[in-house]
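Student: Here's my sequence, what's the structure:
(one chain, ligands or ions: 1)
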Amino acid sequence: MKHTSLLELQHEIAAGNTSCRSVVERYLQNIDQNKHLNAFLEVHSNEALERASEIDAKYQSGEQGKLAGLVIGLKDNISHKGHRVSASSKILEGFEAVFNATVVDRLLAEDAIVIGRLNCDEFAMGASNENSAYGNVLNAADETRVPGGSSGGSAVAVQAEMCMAALGSDTGGSIRQPASFTGTFGMKPTYGRVSRWGLLAYASSFDQIGPITNSIDDMALILEVMAGKDERDATVSENPVPNYINALEVSGKKRIAYIRDCVESEGLNPEVRDHMNKAIEALRSEGHEVEAVDFPYLDYMVPCYYVLTTAEASSNLARYSGLLYGHRSEDANDLESTFKLSRTEGFGEEVKRRIMAGTFVLSSDYYDAYYTKAQRVRRIIQRDTAKILDSFDFILLPTTPDSAFKIGERSDDPIAMYLADIFTVQAPLAGIPAISIPTGETGNGMPFGLQLMSNNFEEAGLLGIAKELYNLMKK
Ligand code: GLN
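Tutor: Numbering: from 1, shown residues only. The predicted model follows:
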């Protein structure tokens with residue numbers, strides 16, 4: 001079942017060894033066998049089978065698109081016309097998308113097959129998928145452990161081969177952290193590389209959609225199809241989209257920085273530290289220059305991230321009022337009780353915590369002390385990250401301080417949960433792209449990833465070095 005890449009599968013389909021329809025059938029079987037992992041909120045069985053037959057017919061006439069044969073799942077915060085979308089929240093129970101997200105339009109136009117809707121933390125707020133109104137997702141490598149979050153369903157769907165790839169969204173690590181916990185590849189593109197049109201917003205100056213896959217090649221292909229200018233999202237760059245798949249061969253020696261404090265940080269599992277050191281040596285032995293740099297903001301990044309994202313969330317989530325769409329309380333009898341009761345009943349605990357924190361940091365008495373200050377800290381993080389990337393091509397760091405933790409272990413301790421993001425928030429704070437590659441395993445057999453970051457819009461080079469490092473660590 002495991003094809004090393006979509007391109008390989010496409011060769012087999014073209015050679016008549018298999019068909020889109022039988023690929024979809026096998027994924028549907030896997031979904032059925034892995035129901036208990038709770039990765040899918042909804043499976044579009046018939047629709048996917050019908051589309052597969054249509055695309056098989058296109059193969060006959062050679063008219064198939066770039067992603068023909070790609071069976072993909074969508075995180076439940078990405079709009080897919082005529083299908084439900086709820087951000088795993090009760091407040092949007094039963095709500096159907098009335099248009100396609102731009103990324104969905106683009107995938108469909110290249111003949112991808114959408115197989116279903118994937119569980120996630122409510123409104124993408126979380127690092128364990130325990131905040132979903134529709135239950136936990138289980139890590140397929142050890143079902144007593146979390147898959148990471150918030151794109152936990154996306155990661156497990158790819159991990160357990162219930163689809164070939166999935167889309168997630170990443171605000172502070174929600175693609176890369178679950179990728180690390182499940183042994184899959186995950187990418188957060190540069191802010192502005194991929195359209196957010198049709199993505200249910202969490203923190204708009206951070207959110208990006210990206211792929212979770214079983215190979216770098218698939219990631220390159222999917223990014224290429226999704227990326228680029230979109231009239232519907234003014235934050236998308238007009239930068240031309242390169243041919244990422246052709247850029248995968250790294251040429252020449254690179255300069256790679258690693259942040260001293262990240263490797264020395266106390267909370268880092270020593271096995272992850274050893275693995276980082278091995279990666280540094282492996283890159284050096286290939287002739288790359290790898291050097292430690294100072295970036296003394298590790299302690300500030302998570303607080304800064306949470307001040308800014310809760311502020312943005314409190315504003316973005318104001319639209320779920322019970323008036324226009326989504327859940328409306330049956331006990332409401334006037335305007336105020338409609339707001340209050342609908343939101344009280346509809347939102348989960350973590351979402352409420354963040355709306356309140358965000359409202360607090362934006363309140364007139366505290367605005368300067370928190371929001372303005374966090375904006376300044378973000379500027380400094382951006383500036384000093386850019387400085388590193390002036391003299392280096394890439395930054396290497398672990399994706400997560402450890403492999404997946406047990407279900408329930410951190411659910412009563414929001415601060416411990418927030419610290420799971422320590423290595424993933426730098427990229428979205430700075431706006432730069434980052435990839436997590438599955439290279440490590442802790443003694444208990446659980447996977448973890450290494451992360452590479454580059455300058456804005458340098459995804460081509462980033463994919464290339466990620467592939468090289470992955471191959472080096474596999475040896
Ligand atoms: N764990 C982080 C949070 O809860 C990241 C979430 C995300 O990237 N959507 O905010």
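
Student: Let's verify P211: helix, strand, or coil?
Tutor: Following DSSP: H, G, I helix; E, B strand; the rest coil, the label given to P211 is strand.

Student: To clarify, my last question referred to S150.
Tutor: For S150, the reduced secondary structure class is coil; criterion used: three-state DSSP.

Student: What backbone torsions are found at it?
Tutor: Comment: the main-chain dihedrals of S150 come out as phi -80, psi -20, following degrees, to the nearest 10.

Student: where does this protein dip in pLDDT?
Tutor: Within the chain, the ranges that satisfy pLDDT under 70 run 1-3.

Student: So which bits of it are right by the ligand?
Tutor: The chain has residues 124-127, 150, 170-174, 202, 309, 421 near the ligand, with proximity defined as C-beta under 6 Å from any ligand atom. Just so you know, the C-beta spots here come from the backbone N, C-alpha and C atoms, and that holds for glycine as well.

Student: give me that answer again for 8 Å
Tutor: Within reach of the ligand by C-beta under 8 Å from any ligand atom, the chain has these residues: 121, 124-127, 149-151, 169-175, 177, 202-203, 206-207, 305-306, 309, 350, 417-418, 420-421, 424-425, 428.

Student: Okay, and which of these map to strands?
Tutor: With strands taken from DSSP state E, the overlap with these comprises 169-170.

Student: The residues of the chain next to the ligand, buried ones only, as a ChimeraX selection?
Tutor: This is how ChimeraX selects the buried members of those, with burial counted by 16 or more other C-beta atoms under 10 Å:
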select :121,124,125,126,127,149,150,151,169,170,171,172,173,174,175,177,202,203,206,207,305,306,309,350,417,418,420,421,424,425,428
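
Student: For the residue nearest to T385 when sequence neighbours are not counted, give its distance to R354.
Tutor: Using C-beta to C-beta, 6 or more residues apart in numbering and skipping the chain neighbours, the partner closest in space to T385 is A430 (4.1 Å). Distance, A430 to R354, by C-beta to C-beta, to the nearest Å: 22 Å.

Student: follow-up on the earlier one: list the contacts of the residue nearest to T385.
Tutor: The neighbourhood of A430, defined by C-beta atoms under 8 Å, 6 or more residues apart in numbering, consists of 381-382, 385-386.

Student: try it again with 10 Å
Tutor: 190-191, 301, 378, 381-386, 388-389, 395, 453, 455-456 (C-beta atoms under 10 Å, 6 or more residues apart in numbering).

Student: from these, which is closest to P401?
Tutor: Out of the contacts of A430, the one with the shortest distance to P401 is M301. That distance is 13.0 Å, counting by C-beta to C-beta.

Student: in which helix or strand would I find that closest one?
Tutor: Under the criterion of DSSP states H and E, M301 resides in helix 298-316.

Student: Which residue ranges of the stretch 1-150 of the chain form strands?
Tutor: In the stretch 1-150 of the chain, strands defined by DSSP state E, counting those that start in this stretch lie at 40-43, 71-75, 113-118, listed in chain order.

Student: Dump the ones you listed to CSV, plus distance to R255 and mean neighbour count.
Tutor: Below are the strands of the stretch 1-150 of the chain laid out as CSV (distance: least, C-beta to C-beta, whole Å; neighbours: other C-beta atoms under 10 Å):
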stretch, distance to R255, mean neighbour count
strand 40-43, 43, 21
strand 71-75, 35, 30
strand 113-118, 38, 28
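
Student: Out of those strands, which gets nearest to L469?
Tutor: Closest approach to L469 among these (C-beta to C-beta): strand 71-75, 25.2 Å.

Student: Neighbouring strands of the closest one in the sheet, and parallel or not?
Tutor: Partners of strand 71-75 in the sheet, by DSSP bridges, are strand 113-118 (parallel), strand 165-170 (parallel).
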